[in-house]
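Novice: Have a look; sequence and predicted model below, questions after that.
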Amino acid sequence: ERGLKVYAWLFTMNFGYTYAQQSDRQDALARNAQGENSLAVVHDRSQAFIDPYNRQAQIDYYQLIQAVLAREPDGVLFDYIRYPRGTGARSTVGRFQDLWIYGPASLQALYNRAKNKKGQALIERYITKGKISLNDLVSLDYLYPDEGVPDWQGRQISASETKESARSRLGQIQSELWFFSVAHAAQGIIDFLSFAASPVQRRNLPAGAVFFPDGNRLVGRGGFDSRLQAWDKFPASLEWHPMAYSICDDASCVVNEINTVRQMASPQTKIIPALAGSWGQTYKEHPSLEIQMSALHSAFPDIDSVSHFAYSWIEPQIDRQRQVCKLQ
């Protein structure tokens, strides 16, 4: 009668600590160049992220979706559609060793993006050594004399490159390999989201992506927010649920976050902001929900739905009772 909808809200790439302890699931975990999984980087030990290219992780998540759909929710939201966010210097990635692409499946998928043998060999050397040298380019020209320049998915090859010396090509190719590796990491997230949402959409239920509007920030020259949450590339067919949790007295920062999302969204994409706060009072520095919702309605009268974080803030006593209920 009140128009409320009960969605399932699921962690996506964060499978949790218990999953990470299973001996037969170690290859499913995302890893960096040091072989670390996310538990070694994130202080919150509940955050164990998987390699989105890993088939076993995909199978396990598909089974979870089927179990959730059996409960007949009104829709399904997918959270943690990203890599972990480290602390301090690890909150950004500016070198390939920090990328979570060193699981076996992710590495193989990366190598498979090569479009010729010279390209694959160069990718492998870059991933193994952390950089490529002039000798790498020269030796590959001798190894594969019948091939042109190294090539991989998405690479734009200029007509003049085949005539340039190895020395003049080195810096440009090294830069391209970095951005190519970042794109590969980000694409894994996008593909995993599409895969997860497809069983929901086949039932004609709403499927939504939950994300932080600042999760895809560029940092400095060539650096990125470690989450690599490329939400601007999420499927337009999904609902977008930006978590607008910025703190300011008049909620203008919340409006700015949603405005950023609206500018990037397709016209057919439904935007449903997620707000943090409580009714009638400032809570943890967040202005009251009334202030936030009023500001959003004034700025974007076409937005007709919001969700609130967190129920435990709004109804703490009822939430404690909910946590000990028994499912029938």
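Specialist: Here it is on my side, so go on.
Novice: Excluding its own residues, what touches stretch 142-158? List them.
Specialist: 113-123, 140, 161-162, 169, 173, 176, 180, 183 (Cβ atoms under 8 Å, 6 or more residues apart in numbering). In this view, the C-beta of every residue, glycine as well, is placed from N, C-alpha and C.
Novice: ok now stretch 113-128, how far from the chain's centre?
Specialist: Here the centre of stretch 113-128 is set off from its chain's centre by 25 Å, with Cα atoms, centre = their mean, to the nearest Å.
Novice: What ranges does the protein have for its strands?
Specialist: 7-11, 75-79, 92-93, 207-211, 218-219, 223-225, 239-244, 274-276, 307-309 (DSSP state E).
Novice: Which elements pack onto the second one?
Specialist: Strand 75-79 is packed against strand 7-11, helix 55-69, helix 166-202, strand 207-211, strand 239-244, with contacts defined by 3 or more Cβ pairs under 8 Å, 6 or more residues apart in numbering; DSSP states H and E.
Novice: Just give the strands next to that strand in its sheet, each with its orientation.
Specialist: Sheet pairing for strand 75-79, assigned by DSSP bridges, gives strand 7-11 (parallel), strand 207-211 (parallel).
Novice: contacting residues around the closest residue to Gly280 other than its chain neighbours?
Specialist: Excluding its sequence neighbours, the residue lying closest to Gly280 (Cβ to Cβ, 6 or more residues apart in numbering) is Ser288, at 5.7 Å. Applying Cβ under 8 Å, 6+ apart to Ser288 gives the contacts Gly277, Ser278, Trp279, Gly280, Gln281, Thr282.
Novice: 10 Å instead, please
Specialist: Ala251, Gly277, Ser278, Trp279, Gly280, Gln281, Thr282, Ser294 (Cβ atoms under 10 Å, 6 or more residues apart in numbering).
Novice: Surely the third one and Leu289 touch.
Specialist: Yep, that's Ser278 we're talking about. Yes: between Ser278 and Leu289 there is a contact under Cβ atoms under 10 Å: 6.5 Å.
Novice: any common contacting residues for those two?
Specialist: His308, Trp313, Ile314.
Novice: Now render the residues you listed as a markdown table, adding distance to Ser298 and neighbour count.
Specialist: Shown next, in a markdown table, are the shared contacts of Ser278 and Leu289 (distance: Cβ to Cβ, whole Å; neighbours: other Cβ atoms under 10 Å):
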| residue | distance to Ser298 | neighbour count |
| --- | --- | --- |
| His308 | 19 | 17 |
| Trp313 | 24 | 17 |
| Ile314 | 23 | 15 |
